[in-house]
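Peer 1: this one's sequence-less:
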Ligand SMILES: [Zn+2]
Ligand SMILES: [Zn+2]
């Protein structure tokens with residue numbers, strides 16, 4: 001199926017290095033958008049919609065055979081961090097770096113789009129190439145849906161990949177059902193009554209209460225949720241007090257909650273607030289608790305996974321398909337589209353003998369660029385699969 005497609009190795013590497021050297025932060029991907037639009041112009045797409053959801057782009061290509069409308073997605077944003085790797089294509093922008101691999105995702109999808117535009121007659125159905133801004137936090141995927149990305153044409157199914165440093169180059173990871181976790185955030189303020197550190201009986205100490213609460217919250221995953229349902233409750237920030245001999249008025253806490261099941265996920269804030277309320281009642285404090293819903297779990301449709309499986313076996317050979325891959329407690333905003341349409345998300349190994357060993361979001365993140373060829377073949381294969 002993909003044997004007849006020439007692999008544009010030089011173009012893939014050139015694109016990836018261009019994007020890597022010119023990173024832009026979430027929802028600020030203006031130059032990235034202009035570059036992609038420029039490379040797709042005059043390739044024969046039926047429609048190019050630029051500026052979808054802010055700085056996103058959709059390019060539509062109607063194939064010569066009957067078939068579904070398939071959306072293929074790449075995310076576009078970089079992270080606010082300083083690259084420390086000394087490579088010729090290192091970031092040219094202070095405080096911005098493609099440390100998650102979205103540079104590679106764009107290179108793969110851009111090359112695939114250009115190649116597929118030259119073989120329209122062989123394409124079953126219609127392809128929508130989706131370049132999505134703002135994955136690292138602001139839910140650019142949802143912004144694109146709200147801006148009509150799944151209509152005109154009405155998308156039937158969707159696919160996306162992530163380059164992954166936990167797998168060797170030349171391998172592909174697949175998993176039916178939930179693959180990545182949800183990511184939600186909470187903020188809590190405990191209010192007691194400040195006073196002298198030597199006279200705790202005349203105060204209401206928010207630090208002691210907060211300390212109890214940090215450990216109490218850990219009993220939600222360990223004592224309230226079935227072990228088969230992975231949940232993480234992390235207090236990432238805890239702030240209180242100014243000096244050694246003063247009991248402060250307040251303690252504040254920030255944290256994240258991850259879950260693989262949407263049902264379990266929805267039950268967490270109530271469980272947390274019950275503990276907060278009970279503890280504050282017992283220890284005479286007031287509280288303010290805010291819970292912010294973030295990205296839902298990324299849930300694969302097994303029928304769509306079968307498409308990915310077929311293609312992966314052909315591209316890397318059955319022995320190099322990791323299936324089922326372990327769950328990954330990352331979160332991914334592609335989950336919004338995958339809640340609207342059946343879809344499959346898979347991962348492509350980037351770990352080579354020299355490069356690709358640093359984890360995602362590391363200041364030294366880099367990839368074995370042979371992974372770009374695997375990603376390209378996967379996307380083209382899925383597009384031609386029907
Ligand atoms: Zn990331
Ligand atoms: Zn990412």
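Peer 2: Done, it's in. Predicted model, so just to flag it, every value in this text is computed and none were measured. Ligands and ions are numbered 1, 2, ... in the order given.

Peer 1: Can you show me the strands along the stretch 1-150 of the chain?
Peer 2: 47-52, 56-62, 65-75, 124-132 (DSSP state E, counting those that start in this stretch).

Peer 1: tell me the most buried of these?
Peer 2: Ranked by mean neighbour count, the strands of the stretch 1-150 of the chain are led by strand 124-132 with a mean of 25 (mean count of other C-beta atoms under 10 Å). To be clear about C-beta, it is placed using only N, CA and C from the backbone, and glycine gets the same treatment.

Peer 1: Which elements pack onto it?
Peer 2: Using 3 or more C-beta pairs under 8 Å, 6 or more residues apart in numbering; DSSP states H and E, the elements in contact with strand 124-132 are helix 30-40, strand 56-62, strand 65-75, helix 102-117, helix 140-146, helix 370-385.

Peer 1: now for the first one, which elements pack on it?
Peer 2: What it means is helix 30-40. Counting contacts by 3+ C-beta pairs under 8 Å, 6+ apart, helix 30-40 packs against helix 9-21, strand 47-52, strand 56-62, helix 102-117, strand 124-132.

Peer 1: just the fourth one next, same as before
Peer 2: With contacts defined as 3+ C-beta pairs under 8 Å, 6+ apart, the packing partners of helix 102-117 are helix 9-21, helix 30-40, strand 56-62, strand 65-75, strand 124-132, strand 157-168, helix 370-385.

Peer 1: Counting neighbours, which bits of it end up buried?
Peer 2: For helix 102-117, the neighbour count (16 or more other C-beta atoms under 10 Å) marks 102-117 as buried.

Peer 1: Let me see the contact set for the closest residue to residue 109 other than its chain neighbours.
Peer 2: Excluding the flanking residues, the one nearest residue 109 by C-beta to C-beta, 6 or more residues apart in numbering is residue 74, at 3.8 Å. If you count contacts by C-beta atoms under 8 Å, 6 or more residues apart in numbering, residue 74 has them with 102, 105, 106, 108, 109, 110, 130, 131, 132, 160.

Peer 1: One more pass at 7 Å, please.
Peer 2: By C-beta atoms under 7 Å, 6 or more residues apart in numbering, residue 74 lies in contact with 105, 106, 108, 109, 131, 132.

Peer 1: distance of the fourth one from residue 127?
Peer 2: Residue 109 sits 11 Å away from residue 127, going by C-beta to C-beta, to the nearest Å.

Peer 1: same thing with the first one?
Peer 2: Summarising the geometry, the distance separating residue 105 from residue 127, computed by C-beta to C-beta, is 16 Å.

Peer 1: The second one too?
Peer 2: Residue 106 sits 16 Å away from residue 127, taking C-beta to C-beta as the criterion.

Peer 1: Which helix or which strand is home to residue 198?
Peer 2: Per DSSP states H and E, residue 198 falls between elements, in no helix or strand.

Peer 1: Excluding chain neighbours, give the residue nearest to it in space.
Peer 2: residue 245 (6.9 Å).

Peer 1: Kindly tell me how buried that neighbour is, as a neighbour count.
Peer 2: Residue 245 has 7 neighbours, counted by other C-beta atoms under 10 Å.

Peer 1: looking at it, it is touching residue 197, isn't it?
Peer 2: Yes: taking C-beta atoms under 7 Å as the definition, residue 245 is a contact partner of residue 197 at 3.9 Å.

Peer 1: TSV for the helices and strands packed on helix 102-117, including mean pLDDT and distance to residue 322?
Peer 2: What follows is the helices and strands packed on helix 102-117, written out as TSV (pLDDT from 0 to 100; distance: least, C-beta to C-beta, whole Å):
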stretch	mean pLDDT	distance to residue 322
helix 9-21	98	23
helix 30-40	98	30
strand 56-62	98	30
strand 65-75	98	21
strand 124-132	98	25
strand 157-168	98	6
helix 370-385	98	13
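
Peer 1: Same list (the ones you listed) but as CSV, adding distance to residue 174.
Peer 2: Below are those laid out as CSV (distance: least, C-beta to C-beta, whole Å):
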stretch, distance to residue 174
helix 9-21, 22
helix 30-40, 27
strand 56-62, 25
strand 65-75, 16
strand 124-132, 21
strand 157-168, 11
helix 370-385, 11
